[in-house]
Every structure is written in structure tokens, then in C-alpha cells.
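# what follows is a predicted protein model with its sequence.
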Amino acid sequence: MATNDVLHLLNGAAKRTGLIKNEVCHDDSAPVVQAQTIDELHSLQKKRSIPTTPKSQQQGAALSSVSKVERRKLQLQSISASLASLTRETGPKLKSVKQQRDYITPATFNISDSSLKFTHILYNLSPAELYEQAIKHEKGSIITSTGALATLSGAKTGRSPKDKRVVKDSTTAEDLWWGNGSPNIEMDEQTFLINRERAVDYLNSLDNVFVNDQFLNWDREHRIKVRIVSARAYHSLFMHNMCIRPTPEELEDFGSPDFTIYNAGQFPCNRYTHHMTSSTSIDLHLNRREMVILGTQYAGEMKKGLFSVMHYLMPKRGILSLHSGCNMGKEGDVALFFGLSGTGKTTLSTDHNRFLIGDDEHCWSDAGVSNIEGGCYAKCLDLSPEKEPDIFNAIKFGTVLENVVLDEHNREVDYADKSVTENTRAAYPIEYIPNARIPCVGPHPKNVILLACDAFGVLPPVSKLNLAQTMYHFISGYTALVAGTEDGIKEPQATFSACFGAAFIMLHPTKYAMMLADKMQRYDATGWLVNTGWCGGRYGVGSRIKLANTRRIIDAIHTGKLLDVTYRKTDVFGLEIPTAVDGIPLEILDPMNAWEDKQAYGETLLKLGGLFKKNFDVFANYSINGDTKLTEEILAAGPIC
């Protein structure tokens, strides 16, 4: 396989597009909480304990509403326009709680009960104010012993990818990836508007509505203005942490948003509406630049919904959107980390010796890399100060803790307890990480690291990839589930998620892979495949590669030492593996040497290669204006079996 041929094809293909149909993409949703009532759900949140001192019986005085800063009339008018009904002349009158005397009265309105009430707009509240609102009005909101706000997301404790819908119109019909395997399930504009009206009506019926005006993308030239309208203080604080927080001056000049979210997650969609398959619906209208959430209170829907939007908007500007971690060395060398859940993406990108640019979502433009977000959304299951001290110490005042279990008396969190869900999460501003790089931007990456937790135990701990292999493994997005992690899994199961984030991509995976390879070639970046899984046998037979060894490998990648060693090619996958790495036992560099049963190794290697080929069948017919040469080059970089 000739890398020069791949480069030639990339240069010609980068400006063209095409579509194919695929099978179902990787679904990383979480099971619904097994609780019948809010009280029953709340009971799972607290662990029973015997207090060492009597609990106070005093009743706290009600929090008073204090007017501090007068908001400009234009801001309220902009919010009023966002919340306006599409079928009536106006919605209810809006009143800012920050302006007790100065509010906007609509010029005309239909006479109805809704027109007789005010909807108070709680605009860009501080974390302290949002704490007060959550504790006063949202059951399950508790301050933990470290000062974080613990809360519950309701029945849904993970995303609902099967309930995500995208409006298919004349523009998106050609631009987006549709069909089997795509995360983009179509809906028509009329259905979207029905759901939008349902969400807006619900929000307008409330006494208080939270509005956040914030930014996406630390690259100021390409940042996006977003507005989040929500019913819960928890959601407002979550987005305060996850988006980029504007300065007071930037807020005054914010104007109209580029994209708006209507989060009415406490209210269900109408299941009899066209395209609805449950009472949950997450709807994107890319031309209207709007998103509607009904029937789920899981905050991650907002974060990932905006990520999907960036996956659509940024490539149109020639900017590659990436589901990756990113850090930078003291010499300015940047590394990208791709990986599915459990592969070590967060752990390996969080390095005391390097600056953290971001843990999850990035853009790669001609100026370099930039974080899309202003915060981190870390998993909390089994979190400890020994394993992940930076994340553990970031859980303090201002941080949102979702669905954790805590002691009812001392409010200490038990991170090992998964009574509510395994998908416990912490959302905190990125500046809570001591070595975060602010602003979160960096030069062009030197290394692109694809992480796989191979529970079959046949992938080497590190391999150097050429461009075609990088595209192949990037499109594949491989890891493996192990026995015991889910019901019914008795042996390792391969999991594939295109571009290491199939649920969020909007275009065909090959388009993102083309952009990645093009940027790697132009800016001289090297691709690597790193296995953080098993060696010496599959899960249950071999042992997991020690984290210390993986860190030594990653360090050798950062320093450039792995560019100066001898390599040899493996069977089946054709991977280039080093013959020696300082500090790494020789027997694990080639996984075959670590297996006692060589025949079993060969059979397992062929089995995994076959799973890769089967998964890639859905991409095999991708063409660019009828030309399949690029796809053929990428296929040739896959396993031979």
C-alpha cells in the first residue's frame, strides 16, 4: 500500500462528497432507572448512616430575591424573541428577576390565561445563585461534603440516541449521513415545529426559566454563540460549566445567538406525533439553528447535541471537529487522544507533566487545535484520589455531580456505589484542573493516538500507523466490552464506533477521516494505535497491560523516542511494532510472545480481524462522485484474513 497514493487521493477528494447506507452504530445509552416515583428515586441517592451528632431541627429562612444588576432591554427582547410562539402573536410576558421594575411588555397579545402571567427570566446566574434555586426547588439537590452540587437527572441517566432526530430538508438531505448505521434519524420540519411549540409552551407556563448565553470554541475566530433555555437550575449550572463563560463585556454585546436549545426535558413529547417512538425526543433543526429536548432530563443531551452541531458547522469552514482528549508538552508538542469508554482517554490525556487543552471535544483548524468546551464531564464510578487526583480534587463548589450516592448525614459521596446508575458524572469548569491551559488552544498536533482496550488480547501495546491505516482505524473506532460489564456477555465483544463517536457525527465517517489524514500530512503528525487492554490471552486468561507500561509508551511517543527505534510488521493487521521500548518488557511488545497457547493466539487474531472486516463492510462502497479509489486504499490498510 503506497502512502503517496493515499495523499494524492486525499488532495483530490477533500473537496468532494458522497453518501452510503450502513448498519446500526454503537449505542452507549444507559439503562433507565428502576424507580416508580420521585421519592423512590431520591431514596436511592442517600445511604443510611447514624449521625455522630443530632441533626438540627431549625428551619432555614426563605431565600429572598435580591435585585443586583439591571439587564439591558435588548437582552430581554432577544430572549422574548427566542421564546415566542410560532402559532400565536406572542407568548406570556417576560420579566427579568434582575430588573424588578424594567421589563418588556409586548405590544399586542392574544387574550388568554397565558397572557396574564409573567415568566421570570433568570439570566446567566452565578453558581451560588443556581445552588440556591436548585436547593429550593429541585428535590434531590444536595450540597456534598466537598461543596459540589449533587443532583438527579430523573429516569434517564444516559443519552437516548434512538430518540435523536434531525430535520431532513433540501440542504441536509445532501449534506448529512443518512441510512442504516447513521445516528441521524430523519424527521420533517412540521413535526419539529410541533415539538418546538410543545417545549416553548411548557417553558412559558413556568414561573421561572433559566437562560444561559455562552460560547463554543476557544478559537475566537470560529466561536459559536449559544443560548440554552431550560427549566432546571441544575441544567443551567451544568451548561455554565460545560460551555465557555463570557465576560460581562462580552455578555452585554452578546446579541442574538447562533444556536438555541429549548430544554423542556421534564415534559414528554406527544408519542402520537409523526416520527416519535417514545415519550422522549431530542430534535435538531440545523437550518433554524435550534434544538428541542422533551422527555429526558439527562444533561449530557445538551452537551452532545451541541457537539453534533459543531460536527456539522465546523467542516463547512474546513475545520475538523474531533471527539478526543488533547494535551500539550512544555515544548509546545500537542497530542490528540481518541478512544471509546474504558480505553483510558481521560486518564492518559490528564498528565501532570503536560498542559490539558481539553478532555473530550476539539477543533483542528489551520491555526491549530482548540477546545470546543469550557469544562470537563468526567465519569465518577470508582473515582479515587489515588487513581485520578486531578478529577477527584475538581469536585468542589461549582461542580455538578449527577446521580451519585452519598451519606445522608455527612454528605460524603460513595463513588463505588452505583445504586442509581453506573453512569455517574461530574461536570466542572476546566480551570478546576491545575495544569489546564487557558485559553484552551494549542499548535498543530504532532501525534494522533488511537486508544483501544482490546479484551481479545491480540493487539500490540503500541503500533505506528501510516496515513491509510490511521484512516482505517479511525473510521473503525474499535474497543471491546469484557465479560461481566453487561448482562449476557460471557466473552469479549468487539465494539465499533465510527470516528470514536458515531452517535455525534453528522457527515459520513470517511469525510472526517479524509480531513484528519489531510491535516496530519500537511502538519507532519504521526498516527499511533495503543492497546490499553489485555496481553497474554483474552480477558479471563491473560492480564491487563499495566497502566505504568502504557504511560511509558505514551511518554516515548511524546518525546519522539519511538520515531527512532526499529520496527517490524505483524501478521493479519500488518501493524508496525517496535522491537524494543525503554522500560517495556520485550515479551509484551509482540503479543504472540506473551501467549502460551500459540494456536489459540492465531485463532483469536483471525477472529478479531474478521470482526474488523465485517464492521467495515458498511463503509466499503463509499464513493466520491462515483470514485471509490480512496475507499479501496483505506480497505487495503485493514486486516488480511
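All right, it came through fine.
# packing partners of the helix or strand Gln77 falls within?
For Gln77, the host element (DSSP states H and E) is helix 73-82. For helix 73-82, the elements it packs on are strand 93-96, strand 118-123, strand 224-230, judged by 3 or more Cβ pairs under 8 Å, 6 or more residues apart in numbering; DSSP states H and E. C-beta: built from backbone N, CA, C; applies to glycine.
# dump the ones you listed to a markdown table, plus mean neighbour count and distance to Pro389.
Converted to a markdown table, these look like this (neighbours: other Cβ atoms under 10 Å; distance: least, Cβ to Cβ, whole Å):
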| stretch | mean neighbour count | distance to Pro389 |
| --- | --- | --- |
| strand 93-96 | 21 | 41 |
| strand 118-123 | 20 | 35 |
| strand 224-230 | 22 | 31 |
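# weakest of these by average pLDDT?
Between those, the one with the least mean pLDDT is strand 93-96; it has a mean of 71.
# can you list the strands that it pairs with?
Strand pairing for strand 93-96, using DSSP bridges, gives strand 118-123 (parallel).
# could you give the angle of the strand it pairs with to strand 224-230?
Between strand 118-123 and strand 224-230, the angle comes out at 140 degrees (axes from the mean of the first three to the mean of the last three Cα atoms, to 10 degrees).
# now strand 118-123 against helix 73-82, angle please.
Calculated by the same axes, to 10 degrees, strand 118-123 forms an angle of 120 degrees with helix 73-82.
# so what's the gap between strand 118-123 and the chain middle?
Distance, stretch centre to chain centre, for strand 118-123: 29 Å (Cα atoms, centre = their mean, to the nearest Å).
# quick check: next helix or strand after that strand?
With secondary structure assigned by DSSP H and E, strand 118-123 is succeeded by helix 127-137.
# I'd assumed Glu576 was in contact with Ser463.
Yes: judged on Cβ atoms under 8 Å, Ser463 makes contact with Glu576 at a distance of 5.9 Å.
# related to what we said a few turns ago, sort out which residues of the helix holding Gln77 are buried, please.
Residues of helix 73-82 classed as buried: 75-76, 78-80, 82 (neighbour count, 16 or more other Cβ atoms under 10 Å).
# can you tell me the centre-most residue of this structure?
Here the mean C-alpha position of the chain is nearest to the C-alpha of Lys304 (Cα atoms, centre = their mean), at a distance of 5.0 Å.
# in which helix or strand does that one reside?
Assigning secondary structure by DSSP H and E places Lys304 in helix 300-313.
# that helix vs strand 224-230, what angle?
Helix 300-313 and strand 224-230 are oriented at 150 degrees to each other (the same axes, to 10 degrees).
# what are the pairing partners of the next helix or strand after helix 300-313, and which direction each?
In the C-terminal direction, the helix or strand that comes right after helix 300-313 (DSSP H and E) is strand 320-323. Counting by DSSP bridges, the strands paired with strand 320-323 are strand 361-365 (antiparallel).
# please save the CA atoms from the helix or strand just after the partner strand in PDB.
As assigned by DSSP H and E, the chain's next helix or strand after strand 361-365 is strand 368-371. Extracted C-alpha coordinates of strand 368-371, given in PDB (Å, rounded to 0.1, in the frame of the first residue of the first chain):
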ATOM      1  CA  GLY A 368      -4.000  24.700  15.400                       C
ATOM      2  CA  VAL A 369      -6.200  23.000  17.900                       C
ATOM      3  CA  SER A 370      -8.900  24.500  20.200                       C
ATOM      4  CA  ASN A 371     -11.200  23.100  22.800                       C
END
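# what's in contact with strand 368-371?
With contacts defined as Cβ atoms under 8 Å, 6 or more residues apart in numbering, strand 368-371 is touched by 217-219, 222, 326, 334, 336, 357-358, 361-363, 430, 440-445.
# select only the buried ones of these in ChimeraX?
The following ChimeraX line selects those of these that are buried, judged by 16+ other Cβ under 10 Å:
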select :217,218,219,222,326,334,336,357,358,361,362,363,430,440,441,442,444,445
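# for the closest residue to Gly255 other than its chain neighbours, give its distance to Gln214.
Of all residues not flanking Gly255 in the chain, Ser78 sits nearest, at 6.9 Å (Cβ to Cβ, 6 or more residues apart in numbering). Going from Ser78 to Gln214 by Cβ to Cβ, to the nearest Å gives 14 Å.
# go on, His473?
34 Å.
# picking up where we left off before, more neighbours: Ser463 and Glu576, which one.
Using other Cβ atoms under 10 Å, the more surrounded residue of Ser463 and Glu576 is Ser463, with 24 against 16.
# the closest residue to the more buried one other than its chain neighbours and Val462, how far apart?
In this structure, Ser463 finds its nearest non-sequential neighbour in Leu575, 3.8 Å apart by Cβ to Cβ, 6+ apart. Look at Leu575 and Val462: by Cβ to Cβ, they are 9 Å apart.
# between the two, who's got more neighbours?
In this view Leu575 and Val462 are compared by other Cβ under 10 Å, and Val462 has more residues nearby, 27 against 20.
# can you give me the neighbour number for Glu491?
If we define neighbours as other Cβ under 10 Å, then Glu491 has 13 of them.
# SS state for it?
For Glu491, the assignment made with DSSP: H, G, I helix; E, B strand; the rest coil gives coil.
# list phi and psi for Ile194.
Main-chain dihedrals, Ile194, degrees, to the nearest 10: phi -60, psi -50.
# which residues does the helix or strand in which Tyr202 is found contact?
In this assignment (DSSP H and E), Tyr202 forms part of helix 189-205. The contact list for helix 189-205 (Cβ under 8 Å, 6+ apart) reads 83-87, 91-92, 114, 119, 165, 167, 169, 209, 229, 231, 262-264, 266-267, 269-270, 273-276, 281, 283, 285, 288, 290, 292-294.
# what bits of the stretch 1-150 of the chain have low per-residue confidence?
By pLDDT under 70, the low-scoring segments of the stretch 1-150 of the chain are 1-29, 48-72, 88-92, 96-117.
# what do you get if the cut-off is 50, keeping everything else the same?
Along the stretch 1-150 of the chain, segments meeting pLDDT under 50 span 1, 14-27, 52-68, 99-111.
# where do the strands of the stretch 201-350 of the chain begin and end?
Taking DSSP state E, counting those that start in this stretch to define them, one finds strands in the stretch 201-350 of the chain at 208-216, 224-230, 259-264, 281-285, 290-294, 320-323, 325-328, 334-338.
# list the contacts of the last one.
Residues outside strand 334-338 that contact it (Cβ under 8 Å, 6+ apart): 322-329, 345, 348-349, 354, 357, 362, 364, 368-369, 442-451, 474, 477, 500, 557-558.
# that one - what's its average pLDDT?
Rounded mean pLDDT across strand 334-338 is 98.
# strands paired with it, and their directions?
For strand 334-338, the pairing partners within the sheet under DSSP bridges are strand 325-328 (antiparallel), strand 445-452 (parallel).
# which SS state does Arg551 fall under?
Assigned by three-state DSSP, the conformation of Arg551 is helix.
# list the contacts of it.
Each residue near Arg551 by Cβ under 8 Å, 6+ apart is listed here: Leu348.
# and it, how far is that from Leu459?
If you go by Cβ to Cβ, the gap between Arg551 and Leu459 works out to 18 Å.
# where does the chain dip in pLDDT?
1, 14-27, 52-68, 99-111, 484-489.
# now with 80, please.
Within the chain, the ranges that satisfy pLDDT under 80 run 1-36, 38-39, 42, 46-74, 76, 86-118, 180, 481-491, 624-626.
# where do the domain boundaries of it fall?
Domains of the chain are assigned by the TED database as 133-319+365-432, 444-591.
# can you say which of these is nearest to Asp617?
domain 133-319+365-432 (10.4 Å; Cβ to Cβ).
# may I ask you to name the longest helix in the chain?
Assignment by DSSP state H gives helix 598-616 as the longest helix of the chain.
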